[in-house]
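Undergrad: sequence and predicted model, in that order:
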Protein chains: 2
Amino acid sequence: MSDSVAVLGGSMTKFGQRDAWICELLAEAGSACLADTGVSPDAVDHLYVSNMASGEFEGQTGVMNALAHDLGLVPAYSQRVDQTSASGGAGIYAAWQSIKSGASDMTLLVGGEKMTHRSTAESTDVIASITHPAEYKHGVTLPSFAGLTARLYLEQFDAPRESLAEVAVKNHENGVRNENAQFRTEITVEEALDSPIVADPLRLYDFCPVTDGSAALLFCPVAVAEEYADDYVVLSGVGGATDTHVVHERDDPTTMNAVVDSSDRAFEMAGLEPDDIDVAELHDMFTILEFLQMEAVGFAEQGRAWEQAMDGRTRLDGDLPINPSGGLKSKGHPLGASGVAQGYEIYEQLVGEAGDRQVSADAGLACNVGGFGNCVTTAIMEARQ
Amino acid sequence: MSDSVAVLGGSMTKFGQRDAWICELLAEAGSACLADTGVSPDAVDHLYVSNMASGEFEGQTGVMNALAHDLGLVPAYSQRVDQTSASGGAGIYAAWQSIKSGASDMTLLVGGEKMTHRSTAESTDVIASITHPAEYKHGVTLPSFAGLTARLYLEQFDAPRESLAEVAVKNHENGVRNENAQFRTEITVEEALDSPIVADPLRLYDFCPVTDGSAALLFCPVAVAEEYADDYVVLSGVGGATDTHVVHERDDPTTMNAVVDSSDRAFEMAGLEPDDIDVAELHDMFTILEFLQMEAVGFAEQGRAWEQAMDGRTRLDGDLPINPSGGLKSKGHPLGASGVAQGYEIYEQLVGEAGDRQVSADAGLACNVGGFGNCVTTAIMEARQ
């Protein structure tokens, strides 16, 4: 395992409405990650910044070079990684490649986005354009896809509407235990079911918020990690995939093909199966997506994930805790940061630093989704043996 | 060399003012590259799109997923690579990593940008923000840096103003022989010296144009390339680096440190030295940059590159032809495409398909510069032995 890729450490900023611009958010997470791991800036030879739209949101490009400057990493290589809302997961994959190819001995990945200063209409313009013009220019945006798919799922699999509310309730409950989460208030099933309709049958509490924030992870060969720390984890599997760029070309909108393909690839690389996973962070931009990903990853049969939500299996004290961090729903969703923050939560769970939300886990999975499953990256991490 | 990375083929669109949106340009280059190499879309498992600012220029994000759809590559992994105006070079590096890490057996890289539909003021807003706000918000944009640096260079090294004009004259001369170049007209030294002042001492003919266009390259392990073709080349060295994000922190603005560092890394990987290079594509966004890169790569002593331009060494019939494609100056500079098109020119020269501008070459180098040397990627390719 000495040529395997290690995650040496991580960090994240407080997620929420932040009075800081993108470069400050990136530097906050990046510098905390270096400080926590005791790795000198001089040792970092590659820097990846997961960010979807600093140019569109803030009129600032070249943020990876600004960060290399701010953290004292020059002359390290720098690059921005964009895979829309899956940019963070794509950053984990890029970091894995940089280490595995022998190009890098120490790669810092920082994901971040600054969004809350823009109006909902402005943000929607940017986010809607992730999908095909044949869709968004006619008003079919991501929330409306979620509504249509949720309706199909509930009807096709005879699932109660309450099961979606249970996802929101669970993830809010977990977020209360995460000091960096945007929302730290519990909600009830009744409140979720009574919240305003956004895209029928989905209501306000079925959607993640608009968020500012940043997260970081540090990667190196396992042999190098041994020199720095006892509490690293191994990035044993990672894979990415695309699905059709227009949703109506999919045979079955309740099957997220890119989740199936990317997690198949990650499992194959890790030599593991879904049953081996003890904890997962899934991309719950909409509550329905947590069910679809549970099924596409292989945690549940198609059409049965809702039962696991109803019987508590995915809660912190269940068999397979999902989104212990609070998920996008409660922790928040700063686009480029989310996939990195998912990886950070898995890292923390595996090294036993997850505090009040700690679960027992030897292997964890993070699934980061772009668009409506248009592009997905899945990562599997394992505790050091 | 069986575990080396091969460039199996490439293509580019006509550069210039194009009546096509970014996704059409990307698909045009990408499909031509697959058709030319005879590689089936099914065989492509990774897609990288080098693009700096489709969101800012056209309000369209997710272009890599659109391209995966348009070329029939789904479920291949897709990702957008941004390193500002060096995004194409960064894409070559990402492709190298994907193959070398074992993640991919066939990676398609497509770079592109659509710019000419925006006003100069709009384009300048986007491009200026590559640099640090401490600079561009006070009006110090890339052309003004070029003017200041050119003045310093001419004075410090006692170089004649005509030497810069010779760069433009040479690159226009080469562009005449490239059917895909934006400008295909020869100019004279006198015309260059009489053109309107942009940033004294630099004049209009010292600057590359604003351009639409796309270019593509296909990468695979050498062992796989053997199955497809006899005329592939080997990507034997690649390296990237950053320099200070504010120019005034550099000890000597006439030394492009990130070019020095990135080419050192590429030479070390390839086991070659500057003398081994037979042809080069350098990032002549401004004429002065051709001199600075010649010196930073090691083709000339500091302050002496201008002599080589004056004595014709860098012309098509010289010892070391530079920018045989016409360079950014004449071929055009669609930001995300430029580095890929540089690589395509080196590929064509090494496989003997460069037509009227063919030179004799066993090894070639491409240097792609972001900002004012803020981030640079250098690639070295060698003809198959």
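TA: Perfect, thanks for sending it.
Undergrad: state the distance from A:Ala223 to chain B.
TA: Distance of A:Ala223 to chain B, given as CB to the nearest CB, to the nearest Å: 16 Å. Yep, even glycine has a C-beta here, placed from its N, CA and C like the rest.
Undergrad: now that residue: which helix or strand?
TA: Using DSSP states H and E, A:Ala223 sits in helix A:222-228.
Undergrad: can you list contacts of that helix?
TA: A:1-6, A:8, A:37-39, A:105-106, A:220, A:232, A:234 (CB atoms under 8 Å, 6 or more residues apart in numbering or on different chains).
Undergrad: just the buried subset of those, please.
TA: A:Ser4, A:Val5, A:Ala6, A:Leu8, A:Thr37, A:Val39, A:Asp105, A:Met106, A:Cys220, A:Tyr232, A:Val234 (16 or more other CB atoms under 10 Å in any protein chain shown).
Undergrad: which one is the residue positioned nearest the centre of chain A nearest to, not counting chain neighbours?
TA: With distances taken as CA atoms, centre = their mean, A:Gly339 lies nearest the centre of chain A, 2.9 Å away. Nearest residue to A:Gly339 in three dimensions, chain neighbours excluded: A:Gly88, at 2.3 Å (CB to CB, 6 or more residues apart in numbering or on different chains).
Undergrad: distance check, the one you found against chain B.
TA: 12 Å.
Undergrad: isn't that residue right up against A:Glu345?
TA: No. Using CB atoms under 8 Å, A:Gly88 is not in contact with A:Glu345, being 11.6 Å away.
Undergrad: so for stretch A:247-263, what's the average pLDDT?
TA: Taken as a whole, stretch A:247-263 has a mean pLDDT of 96.
Undergrad: got phi/psi on A:Ile346?
TA: Taking degrees, to the nearest 10, you get phi -60, psi -40 for the backbone angles of A:Ile346.
Undergrad: so A:Ala366 lies in a strand, does it not?
TA: Yes. Assessed with DSSP: H, G, I helix; E, B strand; the rest coil, A:Ala366 lies in a strand.
Undergrad: am I right that A:Asp243 is in contact with A:Arg250?
TA: Yes. Judged on CB under 8 Å, A:Asp243 makes contact with A:Arg250 at a distance of 6.8 Å.
Undergrad: these two: who's more crowded?
TA: Comparing A:Asp243 with A:Arg250 by other CB atoms under 10 Å in any protein chain shown, the one with more neighbours is A:Asp243, at 29 against 15.
Undergrad: dump the residue contacts of that one.
TA: A:Asp243 is in contact with A:Arg250, A:Met256, A:Asn257, A:Ala258, A:Gly373, A:Asn374, A:Cys375, A:Val376, B:Val74, B:Pro75, counting by CB under 8 Å, 6+ apart.
Undergrad: can you rerun that using 10 Å?
TA: Residues in contact with A:Asp243 (CB atoms under 10 Å, 6 or more residues apart in numbering or on different chains) are A:249-250, A:255-262, A:369-376, B:65, B:68-69, B:74-75.
Undergrad: skipping adjacent residues, who's closest to it in space?
TA: Once flanking residues are discounted, A:Asp243 sits nearest to A:Ala258: 4.0 Å by CB to CB, 6+ apart.
Undergrad: which elements pack onto the helix or strand containing the one you found?
TA: Here A:Ala258, judged by DSSP H and E, is contained in helix A:257-270. Helix A:257-270 sits against helix A:87-100, strand A:233-242, helix A:287-297, strand A:363-370, strand A:375-383, strand B:77-82, with contacts defined as 3 or more CB pairs under 10 Å, 6 or more residues apart in numbering or on different chains; DSSP states H and E.
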